[in-house]
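Novice: I would like to see how this sequence folds:
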Amino acid sequence: MREHKLITPPRDSARTDDVVYKRQTLHIAIIDSATDFAFNHTPTTQRNTRLLQILRSAVLSFFIPNSKFQFPISNNHRHHRSKMGKTAFTTGVTALLFLLVLVSPSQAEIKTLTITSDTRPMILLEKFGFTHTGHVSISASSVSVVAASQPEPSRLGFFLLSEESLLQVLIEIQQNPNFCVLDSHYVARLCTFRDLSPPPAASVNGTYPVTIPNEYSLFFANCAPESSVSMAVRTELYNLDPDNSRDYLSAGQTQLPSLFSLFSVAYFAFLALWLYLCHSNRLSLHRIHFLMASLLLMKALNLLCAAEDKHFVKVTGTPHGWDVLFYIFQFIRVVLLFTVIVLVGTGWSFLKPFLQEREKKVLMIVIPLQVLANVASVIIGETGPFIKDWVTWNQVFLLVDIICCCAIIFPIVWSIRSLRETSKTDGKAARNLAKLTLFRQFYIVVIGYLYFTRIVVFALKTIAAYKYQWVSNLAEEAASLAFYAVMFYMFRPVERNEYFVLDEEEEEAAEIALRDEEFEL
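Specialist: Next comes the predicted model:
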């Protein structure tokens, strides 16, 4: 392979800080209202408003492909309107660039992908955080281009783009609908089809050092309208360690093997403690406690496989089969987690020996949806943004996860209402008050867990610098461990529960409390 020096685009520190600020506020706006892309919460200066209008048009045109959204144009550029309305190429490029905001850095394991008759103007291949010893290795073979007229080879090629340069590139495309992103001085062009070897090999390869640390996205650009490209591409993105060995994990993910190993040990210790509690309180054991033990085991094995997966990717660039085990245990763990939350929320086995029909329906909805969510997770993790349906699978995963999170709340609410109704008739006020308090607390814990792991963790991933992406994983695993600890403590097997050893005075006080209080969800 030939080695080339990467020409890094010029950087303006003041402008870069401004772009980073707009990026962060934009992400927070997406969190606040993902359904309608609420960009109204971002800064409203004239220049910022114009940039946000560009991004809003881009994202709408991306998620609604058949729409006819046009870029808002100031009076100074009004003469470009007719050209933009006729060019779908510009819209597609801008929408794909906006996708950079939503894509998380990947574990840049060595990947080989096949592109067949692809007409997209830009294809996002990888997103990776480089140190000052970063390298990009690209090998494209069996390259063929089908077009009505012979395209200029320099109009097709690979380039790197940093997120700080995203808005500048968007402005360039807005001002000139025929602009080719490969000509932008804000991108780092790696190679073009001008470097292809003669047929039949029709290949190009090279290794390109990255001299300025940053988070970059690797793109393939096709600036030849009405043309399709077919080729086999092999990519290697890595950083060099002090001993000159390759690290195929992004700069913000290189700590993940140690992090996952640590939490795996914590869950194995948690499992040992849980088994000890179950053995010590055998008379109070219920079937739900065995399911909870299985959940801990699956979580520990899932983290162990994740640690091994990341370790082998970090060292060799390939997971060596650990990714298969990871997805298997992840599927079992997620299904068990939602099942345990639903069953605990209904009081199954420790309050009642059977499930009602509506509670069975919740499980019948949640479990198949989790199967679909895990299929989407595998496709998202094992392919990448280069496949045409990658965004669709992300939307499927997000939608299914939201539905499941909402569904598991209903059994807890039903249990709370049922206990309130029962407390009025059975004459066991203290016992019912204790149960009611327990389920209210569990309701709050579940809501807090779902909010933190779905919203706060996403915000951390979005606003954290690329070198600190591991912090979001740490926060997610710490929150999960805390949730497991609280849930297991609340519903642990106990032979003599202090809630239910009450005298007559406490019974009367509980009756008064149940009459006076109102709990609204």
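
Novice: List the contacts of Glu308.
Specialist: Pro257, Trp322 (Cβ atoms under 8 Å, 6 or more residues apart in numbering). Where you see a C-beta, it was placed from the backbone N, CA and C, and this is true even at glycine.

Novice: all helices for the stretch 151-300 of the chain, in order.
Specialist: In the stretch 151-300 of the chain, the segments counted as helices under DSSP state H, counting those that start in this stretch are 166-175, 256-280, 287-316.

Novice: so which of those helices comes closest to Thr211?
Specialist: Thr211 lies closest to helix 166-175 among the helices of the stretch 151-300 of the chain, at 19.8 Å (Cβ to Cβ).

Novice: Show me how far that closest one is from its chain's centre.
Specialist: Its chain's average C-alpha position is 26 Å from that of helix 166-175, according to Cα atoms, centre = their mean, to the nearest Å.

Novice: Tell me how far the strand or helix carrying Lys461 lies from the chain's centre.
Specialist: Per DSSP states H and E: Lys461 is located in helix 457-463. Centre-to-centre, helix 457-463 and its host chain are 9 Å apart (Cα atoms, centre = their mean).

Novice: on contacts alone, who are the packing partners of that helix?
Specialist: When contacts are defined as 3 or more Cβ pairs under 8 Å, 6 or more residues apart in numbering; DSSP states H and E, helix 457-463 packs onto helix 13-32, helix 470-490.

Novice: Next, the buried residues of the last one.
Specialist: Applying a neighbour-count criterion of 16 or more other Cβ atoms under 10 Å, one finds 470-477, 479-480, 483-484, 486-488 buried in helix 470-490.

Novice: follow-up on the earlier one: would you turn the helices of the stretch 151-300 of the chain into a markdown table with distance to Glu357 and mean pLDDT?
Specialist: Output for the helices of the stretch 151-300 of the chain, formatted as a markdown table (distance: least, Cβ to Cβ, whole Å; pLDDT from 0 to 100):
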| stretch | distance to Glu357 | mean pLDDT |
| --- | --- | --- |
| helix 166-175 | 52 | 87 |
| helix 256-280 | 30 | 97 |
| helix 287-316 | 19 | 96 |
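
Novice: List the buried residues in the helix holding Lys461.
Specialist: Within helix 457-463, the residues that count as buried by 16+ other Cβ under 10 Å are Val457, Phe458, Ala459, Leu460, Lys461, Thr462, Ile463.

Novice: and the helices of the stretch 151-300 of the chain as CSV, adding distance to Ser117?
Specialist: As requested, those are exported to CSV (distance: least, Cβ to Cβ, whole Å):
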stretch, distance to Ser117
helix 166-175, 25
helix 256-280, 37
helix 287-316, 31
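
Novice: between those, which gets nearest to Ser141?
Specialist: Nearest of the helices of the stretch 151-300 of the chain (Cβ to Cβ): helix 287-316, 22.3 Å.

Novice: orientation of the helix or strand just after that closest one relative to helix 470-490 in degrees?
Specialist: Downstream of helix 287-316, the next assigned helix or strand under DSSP H and E is helix 322-346. Per axes from the mean of the first three to the mean of the last three Cα atoms, to 10 degrees, the angle that helix 322-346 makes with helix 470-490 is 40 degrees.

Novice: From the contact counts, what lies against helix 322-346?
Specialist: Packing contacts for helix 322-346, counted by 3+ Cβ pairs under 8 Å, 6+ apart, involve helix 287-316, helix 357-382, helix 409-423, helix 429-451, helix 470-490.

Novice: mean confidence for it?
Specialist: Average pLDDT, helix 322-346: 93.

Novice: hmm, back to that, by mean pLDDT, show me the worst of the helices and strands packed on helix 457-463.
Specialist: In terms of average pLDDT, helix 13-32 trails the rest of these, at a mean of 41.

Novice: Run through the stretch 401-521 of the chain and note the low-pLDDT ranges.
Specialist: Applying pLDDT under 70 to the stretch 401-521 of the chain picks out residues 423-432, 496-521.

Novice: can we see that at 50?
Specialist: Along the stretch 401-521 of the chain, the parts satisfying pLDDT under 50 run over 497-507, 510, 514, 518-521.

Novice: Okay, domains of this structure per the record?
Specialist: Split into domains by automatic domain parsing, the chain comes to 2-247, 256-516.

Novice: what about Glu357, how many neighbours?
Specialist: Look at Glu357: counted by other Cβ atoms under 10 Å, it has 6 neighbours.

Novice: residue contacts, it?
Specialist: For Glu357, the contact set (Cβ under 8 Å, 6+ apart) is empty.

Novice: Val313 too?
Specialist: Each residue near Val313 by Cβ under 8 Å, 6+ apart is listed here: Gln107, Glu109, Tyr248, Leu249, Pro319.

Novice: Nearest residue to it in space, please, no chain neighbours.
Specialist: Once flanking residues are discounted, Val313 sits nearest to Glu109: 4.6 Å by Cβ to Cβ, 6 or more residues apart in numbering.

Novice: burial of the one you found, as a residue count?
Specialist: Neighbour count for Glu109, taken as other Cβ under 10 Å: 23.

Novice: follow-up on the earlier one: looking at the buried residues of helix 470-490, which is nearest Arg333?
Specialist: Closest approach between those and Arg333, by Cβ to Cβ: Ser480, at 10.3 Å.
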